[in-house]
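Chemist: with the input below, show me the fold.
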Amino acid sequence: MRWIRTVLVGRRIHAALDDSEAFDLRDKLKALAELQKVDLEIASLRKATEVHPKQLVELEKEQATARAALEAERARLLEIEQQRRGLEQNIADEKDKVRKWESRLTEQRSPREYAALAREIDIAKKTNQTMAEELVALGKTLAAAREALKGKEQEFTSGLNARGGRATQLKDKMKGAEGQVRQLEEKRAKVASHVDKQLLHRYDLVKRKRMPALVSLLAPGTCQGCNMNVPPQLYNTLRSTLGMDICPSCHRLIYAAEALEPHSGSV
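Modeler: Numbering: from 1, shown residues only. Below you'll find the predicted structure:
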């Protein structure tokens, strides 16, 4: 930590700085504060847009769910249609069987055989009647299923258009944000070129772990980064030198608020 005090605070820790030294430290601080301002803009922009990829994933999930519901409705309709065709075939088979049996009635040689065949014919006709009733009910179910599918298809198309529009908006926002970030990063590079290299190195080290990396101290020496008080001697030194140091608690770069206040001619 000593090296940064030597570089940032100055050689005379407890003595007041002359105007030229105070201006030099103030200029370094202003350059670093300007850099952090750009970094905070970049971080804020990225945070505001980081939800967009997640929203796109959610839209894809919604689309998959809607498509699955539509396919399920189509499968249900297909199943009902297959049931209807199967039932129609059964009815046709039973009718053919009844016609064959009726043509054989006159061929029966004994009353007993005649009665037995007549009974079978009667049972077959009743079975056919039951299946015919089932076919009517199934027809109603089929009509309802077709209407349900039609509604699902309309709902799916409407949702598809809405989700497509929303996805386009999100992609446009993401593209716009990427462009803004690129502009800010170009601005950052220019601003960083005016920051003291040793300060920039230290700032970047702190920035990787926590932001903001550079914070001011509030009376009576409270770090705005961690809300802990620095030693009174350190606070007084920063006020008199208008330099920078490191917070003993959170290791952020700290400075007295007076360092960025308009210069009144004396420190």
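Chemist: and the residue nearest in space to the middle of the chain, how far from residue 60?
Modeler: Compute the mean C-alpha point of the chain, and by CA atoms, centre = their mean the closest residue is residue 54, 1.9 Å away. Distance of residue 54 to residue 60, given as CB to CB, to the nearest Å: 11 Å. No exception for glycine: its C-beta is placed from N, CA and C like everyone else's.
Chemist: which strand or helix spans the residue nearest to the centre of the chain?
Modeler: Per DSSP states H and E, residue 54 falls inside helix 51-105.
Chemist: how far does that helix sit from the chain's center?
Modeler: 36 Å (CA atoms, centre = their mean, to the nearest Å).
Chemist: what is it packed up against?
Modeler: Contact partners of helix 51-105 among helices and strands, from 3 or more CB pairs under 8 Å, 6 or more residues apart in numbering; DSSP states H and E: helix 111-192.
Chemist: put the alpha carbons of whichever helix or strand comes after the helix it packs on into CSV.
Modeler: Counting by DSSP H and E, the element after helix 111-192 in chain order, helix or strand, is helix 197-207. C-alpha atoms of helix 197-207 as CSV (Å, rounded to 0.1, in the frame of the first residue of the first chain):
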residue,chain,number,x,y,z
LYS,A,197,-0.6,4.6,-15.9
GLN,A,198,0.1,3.5,-12.3
LEU,A,199,-3.3,4.8,-11.2
LEU,A,200,-5.0,3.0,-14.2
HIS,A,201,-3.3,-0.3,-13.3
ARG,A,202,-4.5,-0.1,-9.7
TYR,A,203,-8.0,1.0,-10.7
ASP,A,204,-8.4,-1.8,-13.2
LEU,A,205,-7.3,-4.3,-10.5
VAL,A,206,-9.9,-3.0,-8.1
LYS,A,207,-12.6,-2.8,-10.8
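Chemist: buried set for stretch 146-161?
Modeler: By 16 or more other CB atoms under 10 Å, the buried positions in stretch 146-161 come out as 149, 152, 156, 159.
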